[in-house]
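In: The following comprises the amino acid sequence and a computationally predicted model.
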Amino acid sequence: MVELFATPLLKELLPKFKNFLKEEILPQEIELMNTPFLKLENGILKEKRQKAKDAGLWAPHLSKEHGGLGLTLMEFAMVSEALAWTPFGHYIFNCQAPDIGNMELLEKYANPDLRNKYLKPLQNGDIRSCFSMTEPEHAGSNPTMMSTSAVLEGDEYVINGHKWFTSSADGASFAVVMAVTNSDNTNPYERASMIIVPTDNPGFELIRNISIMGETGEGYISHSEVKYNNCRVSKSNLIHTEGTGFLLAQERLGSGRIHHCMRWIGISERALDLMCQRAVSRKIGGNTMLAHQQTIQNWIAESKAEINAARLMVLHTAHKIEHEGVKAAREEISTIKFYVAGILQKVLDRAIQTHGALGITDDTVLSWWYRHERGARIYDGPDEVHKSVLARGILKKYGLDIKKS
């Protein structure tokens, strides 16, 4: 189906990305998954990243001016699906979250000094970054509720606060921090700002990598709890202007949800592939295969239909963002977020069930994804919030304007 929407450039690039992963990553995938990430980052994955650069496949989301392939959002969405075939796909080509979102944010809104100091090495893959917004004391579904403050004293911001799920903080060189700078503003959406904080700052404290479903990740596969203790940074570390933090977060998350959703579709396609391989190879008695069972056939058919529907929805949303902007695509963004996250969970669950006991082991990639992707229905706004956004938008057209409480 992707070929229906692929540009000539994409038709040339997609096979290259797929072949690279097939030859360089998939034969070692299980071994890589069971090796500490920080060991891989400075070893084999560093070598693979250099190969990606040499192959001319580096940073597909970046403009050619900044060392990338200059793909549109629609084109990158389809590449993102292909890279999601393995957990290491996006990292190999330097378009993994949260770095990709931070690159886009800095490229568009950071001052020249910040772009030179932080953006360039991030684009080149020399460093990693993290995004620090969610706080354990407040509901992450409402980012206007925030206690972290950044008070301007002379030429410096003094930042104090407590964050968690600061993804990829372990080993990151800097954090993009959401903090309240304008607490007296009557508009709650204009109180916070985004500020860059180097992680070697004396006031930056990485408390722990949070254990997720029994697994404590490290490196970019980590979710960290951090504190900002009288953390002083230059006021020039402000991204854009004061009070625009919420606006920047919404813009960052708009295209970011395209990235996530297409990645989830790629994972779903891989899970469906593994499900089918298992169905045609597993005997359950005599010459009867799992694939002969109507339940398995139903799962395969339903998964394929749902994946295809999800893909069309996401590509439509990407097209609208490109041509009308993030604000115009607000309802579509909410729709794909909860719909595709739900499809991902369904397909993964069916694939695991088809594998039986093998499916819950770490001998396949399925259990890894089951652990790591359950959060898809929670982060970037829980499904229930996005459903409410969509429903309120629909009801408003019928004359009922339900105000957000």
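Out: Received the coordinates, thanks.

In: Every contact and neighbour count from this point should use C-alpha atoms.
Out: Will do.

In: and the gap between Glu104 and Gly254?
Out: 11 Å (Cα to Cα, to the nearest Å).

In: the more surrounded of these two?
Out: Neighbour count, other Cα atoms under 10 Å: between Glu104 and Gly254, Gly254 has more, with 24 against 19.

In: Starting from Ile25, give me the distance back to the nearest residue to Leu21 once chain neighbours are set aside.
Out: Of all residues not flanking Leu21 in the chain, Gly89 sits nearest, at 7.0 Å (Cα to Cα, 6 or more residues apart in numbering). Noted for Gly89: a distance of 8 Å to Ile25, by Cα to Cα.

In: More neighbours: the two, which one.
Out: Per other Cα under 10 Å, whichever of Gly89 and Ile25 has more neighbours is Gly89, with 23 against 19.

In: And that one, its phi and psi?
Out: phi -60, psi -50 (degrees, to the nearest 10).

In: pretty sure it contacts Asn19?
Out: No: under the contact definition of Cα atoms under 8 Å, Gly89 does not touch Asn19, with a separation of 11.6 Å.

In: which helix of this structure spans the most residues?
Out: Criterion DSSP state H: the longest helix present in the chain is helix 245-281.

In: And that one, what's buried?
Out: 245-246, 248-249, 251-272, 274-276, 278-279 (16 or more other Cα atoms under 10 Å).

In: With stretch 76-96 instead?
Out: By 16+ other Cα under 10 Å, the buried positions in stretch 76-96 come out as 76-96.

In: what about the strands in the stretch 101-250 of the chain?
Out: Taking DSSP state E, counting those that start in this stretch as the criterion, the stretch 101-250 of the chain contains strands spanning 129-132, 149-153, 156-167, 174-180, 192-198, 204-209, 211-212, 215-216, 223-234, 238-239.

In: what does the third one contact?
Out: The set of residues external to strand 156-167 that reach it, using Cα atoms under 8 Å, 6 or more residues apart in numbering, is 98, 130-136, 147-152, 179, 210, 220-235.

In: could you flag which of these are buried?
Out: Here, 16+ other Cα under 10 Å leaves 98, 130-135, 147-151, 179, 210, 220-235 buried among the contacts of strand 156-167.

In: mind listing the helices in the stretch 51-200 of the chain by residue range?
Out: 73-83, 89-92, 99-109, 112-114, 120-123 (DSSP state H, counting those that start in this stretch).

In: Let me have those in JSON lines, extended by mean pLDDT.
Out: Conversion of the helices of the stretch 51-200 of the chain to JSON lines gives the following (pLDDT from 0 to 100):
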{"stretch": "helix 73-83", "mean pLDDT": "94"}
{"stretch": "helix 89-92", "mean pLDDT": "97"}
{"stretch": "helix 99-109", "mean pLDDT": "93"}
{"stretch": "helix 112-114", "mean pLDDT": "97"}
{"stretch": "helix 120-123", "mean pLDDT": "96"}
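
In: Relative to Glu324, which of the ones you listed is closest?
Out: helix 73-83 (12.7 Å; Cα to Cα).

In: the inter-axis angle of the closest one versus helix 245-281?
Out: Here helix 73-83 runs at 40 degrees with respect to helix 245-281, directions being taken by axes from the mean of the first three to the mean of the last three Cα atoms, to 10 degrees.

In: helices or strands up against helix 73-83?
Out: Counting contacts by 3 or more Cα pairs under 8 Å, 6 or more residues apart in numbering; DSSP states H and E, helix 73-83 packs against helix 8-24, helix 89-92, helix 245-281, helix 294-324.

In: That'll do, ta.
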